[in-house]
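# Sequence first, predicted model second:
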Amino acid sequence: MTPSQTLAQLWRLARLPEEALAFARLTGSDPVYPSTFAVGAAAQTTVAAAALAACELGHERGAPRQAVTVDMAHAAAECTGWFAVDGRTPELWDKFSGLYEAKDGWVRIHANFLHHREGALRLLGLDPATCERKDAEAAMRAWKAVDFETAAAERGLVATAMRTFEEWDATAQGQAVARAPLFTIDRIGDAPPLQLGHPGLDPGSMAARPDGCRIESGMTPLDGVRVVELTRILAGPVGGRALAAYGADVMLVNSPHLPNIEAIADTSRGKRSCHIDLRGSDGKAAMDALLEDAHVFIQGYRPGGIASLGYGPDEVAAKRPGIVYVSLSAYGFEGPWAGRRGFDSLVQTAMGFNLAEGESLGKPRPLPMQMLDEATGYLIAFGAATALRRQQREGGSWHVRVALAQTGQWLRSLGRIERGLDAKAPDRAQWHETSASGFGQLTAIRHSAQLSRTPARYARPSVPPGYSPPHW
């Protein structure tokens, strides 16, 4: 399919108005980065879907439709997640993260968080305080790949055996993912259409205004939309950042006792950022106060983690009828791995992408960016804007579900690029933007969706967790 056809497929899956597709302008073609997969098209079409859906919600609220232009090379560059702080590009991988040769194949370990790294090393029989990478490599050669994967999963660790596409397809989880749609948007409760107020207005006065959800032609598509975002790694933060770029007021909520990765400097552009500890009554009270005026709730923690604290989809819909609740999973919501932790690099490995990408080279090779994370992030924004539009038209509370593995299945369906590994990456400097931030001078890739009337932008600088008070 062409990128325009792929975008139309996403649009129809979301049951959005066909006439809006005429306002999408997609330029460029694969390959734009060295890959045998259509990573450029995946980046371009998910970015375009998110931006166009936000504009369609704006149109539902009274604004004229506007053109959305996305260049493929720019979108793919944005999806590399490149950034620098004070001229320094952070090292994104821990030295123990990566591929290890096992007795009968390969295993990928994700060790960016201390507890994951130490758990994996102890499972290998090593002392985390003294061992080196070479010690871990030697210890892994005594394990069968699937045995280590299984033992790690039983301990709540993050590691996976490397599979071919055919091996993945033969697993029960592969079959469950193949049966699932790319995303789902389901009504989970009754509620009247919410008032989508404008920033700076008192919530009480917004609710009293009969036109409180409408916007004028010069306002951003998501003006007055409030988003509570409970995410930490890439897909969820990318989704929240996209909503912020289209005008939403996004509150990133972190727990004060959990670590973050350095990419938070990039993915926090446009957002507020507060600390709330949901393990105590004060934290729950603060969250409930945020929910009183929220329209979207995004959560990307391990399966069941947020629900165990009292903030699953049904509980949040009961607290805030009319909410759009977005759930992110690694391996999908059905099948034996539905409760398993995972990250993009692991899902790529488990599903067969690493072996397929490196087949012509004779060695495993990851995709040139965390494409499953990035595309899923834009699908989060796409699903949230689509569900908000339905909420405005029909009322109700809504649940959007996306998963890295389902995005991987979709990416695979886009086909392969002949001689794609011969492509040369574009010069990303043409899309750099530099701004002051709470982390230092931040240089990153500006948003790739160009809106003809209300340009996408980050109205707030990136700030560290806990910088903002936990209220609107």
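Happy to help now that I have it. Residues are numbered from 1 along each chain as shown.

# C-alpha from now on. contacts and neighbour counts both.
Will do.

# in the chain, which helix has the most residues?
Longest helix of the chain, by residue count under DSSP state H: helix 371-394.

# mean confidence for that helix?
Per-residue pLDDT values over helix 371-394 give a mean of 98.

# Ok, stretch 288-297 next?
Stretch 288-297 shows a mean pLDDT of 98 in the predicted model.

# Please apply the same query to stretch 155-172.
For stretch 155-172, the mean confidence score works out to 96.

# ends of it, how far apart?
Stretch 155-172 stretches 21 Å from its first residue to its last (C-alpha to C-alpha, to the nearest Å).

# for the longest helix of the chain, which positions count as buried?
Going by neighbour count (16 or more other C-alpha atoms under 10 Å), the buried part of helix 371-394 is 371-392.

# Ok, stretch 114-125 next?
Using 16+ other C-alpha under 10 Å as the burial criterion, the residues of stretch 114-125 that qualify are 116-121, 123-124.

# now do stretch 322-337
Neighbour-count burial for stretch 322-337 flags 322-333, 337 (criterion: 16+ other C-alpha under 10 Å).

# Nearest to Arg214 among those?
Within the buried residues of stretch 322-337, proximity to Arg214 (C-alpha to C-alpha) peaks at Gly322, which comes in at 17.0 Å.

# Not including adjacent chain positions, what is the nearest residue to that closest one?
Of all residues beyond its chain neighbours, the one nearest Gly322 is Ser397 (4.1 Å), with distances taken as C-alpha to C-alpha, 6 or more residues apart in numbering.

# Is the one you found in contact with Ala318, as I believe?
No. Judged on C-alpha atoms under 8 Å, Ser397 makes no contact with Ala318 at a distance of 9.1 Å.

# quick one, which of those two is more surrounded?
More crowded of Ser397 and Ala318, by other C-alpha atoms under 10 Å: Ser397, with 30 against 17.

# what sits against the more buried one?
Under the criterion of C-alpha atoms under 8 Å, 6 or more residues apart in numbering, the neighbours of Ser397 are 187-191, 317, 321-325, 391.

# can you rerun that using 7 Å?
Shown in contact with Ser397 (C-alpha atoms under 7 Å, 6 or more residues apart in numbering): 187-191, 317, 321-324, 391.

# Generate TSV for those residues, with distance to Thr171 and secondary structure as supplementary columns.
What follows is the contacts of Ser397, written out as TSV (distance: C-alpha to C-alpha, whole Å; DSSP: H, G, I helix; E, B strand; the rest coil):
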residue	distance to Thr171	secondary structure
Arg187	31	strand
Ile188	31	strand
Gly189	35	strand
Asp190	38	coil
Ala191	40	coil
Ala317	35	helix
Pro321	39	coil
Gly322	38	coil
Ile323	36	coil
Val324	33	strand
Gln391	37	helix
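
# Now flag whichever of the residues you listed is closest to Thr454.
Thr454 lies nearest to Gln391 out of the contacts of Ser397, by C-alpha to C-alpha, at 23.2 Å.

# Spit out the contact partners of the closest residue to that closest one other than its chain neighbours.
On the basis of C-alpha to C-alpha, 6+ apart, the spatially nearest residue to Gln391 that is not a chain neighbour turns out to be Pro193, at 5.7 Å. With contacts defined as C-alpha under 7 Å, 6+ apart, the neighbours of Pro193 are 322, 391-392, 394-395.

# Can you name the element that comes right after whichever helix or strand Val402 is part of?
Secondary structure assigned from DSSP states H and E places Val402 in strand 397-403. The element immediately downstream of strand 397-403 (helix or strand, assigned by DSSP H and E) is helix 404-413.

# So what's the model's average confidence on the following helix or strand past that following helix?
Scanning forward in sequence from helix 404-413 by DSSP H and E, the next helix or strand is strand 432-437. Mean pLDDT, taken over the full extent of strand 432-437, equals 98.

# Strand 432-437: how far from the chain's middle?
If you compare the mean C-alpha spot of strand 432-437 with that of the full chain, they lie 22 Å apart, counting by C-alpha atoms, centre = their mean, to the nearest Å.
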